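Chemist: whatever this is, show me its structure:
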Amino acid sequence: MANSEEFDRLLSLARQGDPNAHSLLYAAVYDEMRRMAYRHMSKERAGHTLQPTALVHEVYIKLVRGKRNWAGRTHFLAVASQVMRRVLVDHARAVLSKKRGGIALPLELNQDYMYTEARSDEMVALGQALDKLDCLAPRQSRVIELHFFGGLDFDEIGDVLQVSARTAKRDWNAARTWLHGEMNGWRDHARRVGQG
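Modeler: You can find the predicted model right below:
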């Protein structure tokens, strides 16, 4: 991935209409986006219907079609993580619509989680739980998207959300706890999101 200064320069060139800027920009973000996709899909079997490269292409096309004015590398990756989540959840829904039966297993939201078609039900459940969390605690929902889907560290998340890295980490922990309760059955009736 190009460093922030190089990325910003390419963004500026693209905005000015440089015909080569978009291809250079794509080349600059490709490796980072591929790492994001691969991290979620690396345990997939050969012949899986959604490959990391296809995921990257689909996400990039959606980002370019959106014609947003990116504030920089971190902003771009933050939005890319949101789009990647939506694409994975949509793919999981499509897989589930073809499946018959199946038992939903508890989802462990940690760094080792990998998306697989066999876990489509978990991805859909995670998408639904994140939508609920977004209504209750939007910043915590964004922290999950940025860290879990986007691979951003807490310093980068703090920059995107304009909070400290410590607050982003606290939001991550609170949101994970809430998501675990939401997806695996609450043991109390509070169903509250921890405040960061």
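Chemist: quickly note the distance from Ile144 to Ser164.
Modeler: According to CB to CB, to the nearest Å, Ile144 and Ser164 sit 17 Å apart. C-beta here means a position set from N, CA and C on the backbone, and glycine is covered the same way.
Chemist: which one of these two has more residues nearby?
Modeler: In this view Ile144 and Ser164 are compared by other CB atoms under 10 Å, and Ile144 has more residues nearby, 26 against 13.
Chemist: and stretch 17-36, how far out from the chain middle?
Modeler: When C-alpha coordinates are averaged (CA atoms, centre = their mean, to the nearest Å), stretch 17-36 and its chain have centres 18 Å apart.
Chemist: for it, buried residues please.
Modeler: Ala21, Leu24, Leu25, Tyr26, Ala28, Val29, Glu32, Met33, Met36 (16 or more other CB atoms under 10 Å).
Chemist: in TSV, list these along with pLDDT and distance to Ser12.
Modeler: Below are those laid out as TSV (pLDDT from 0 to 100; distance: CB to CB, whole Å):
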residue	pLDDT	distance to Ser12
Ala21	82	8
Leu24	85	12
Leu25	81	10
Tyr26	81	16
Ala28	83	13
Val29	83	15
Glu32	84	19
Met33	86	20
Met36	82	24
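Chemist: flag every buried residue along the helix ranked longest in the chain.
Modeler: In terms of residue count, the longest helix belonging to the chain (DSSP state H) is helix 73-98. The neighbour-count check on helix 73-98 (16+ other CB under 10 Å) flags 73-85, 87-89, 91-92, 95 as buried.
Chemist: also stretch 64-74?
Modeler: Trp70, Arg73, Thr74.
Chemist: I figured the last one hits Leu152, correct?
Modeler: Yes: using CB atoms under 8 Å, Thr74 makes contact with Leu152 at a distance of 7.1 Å.
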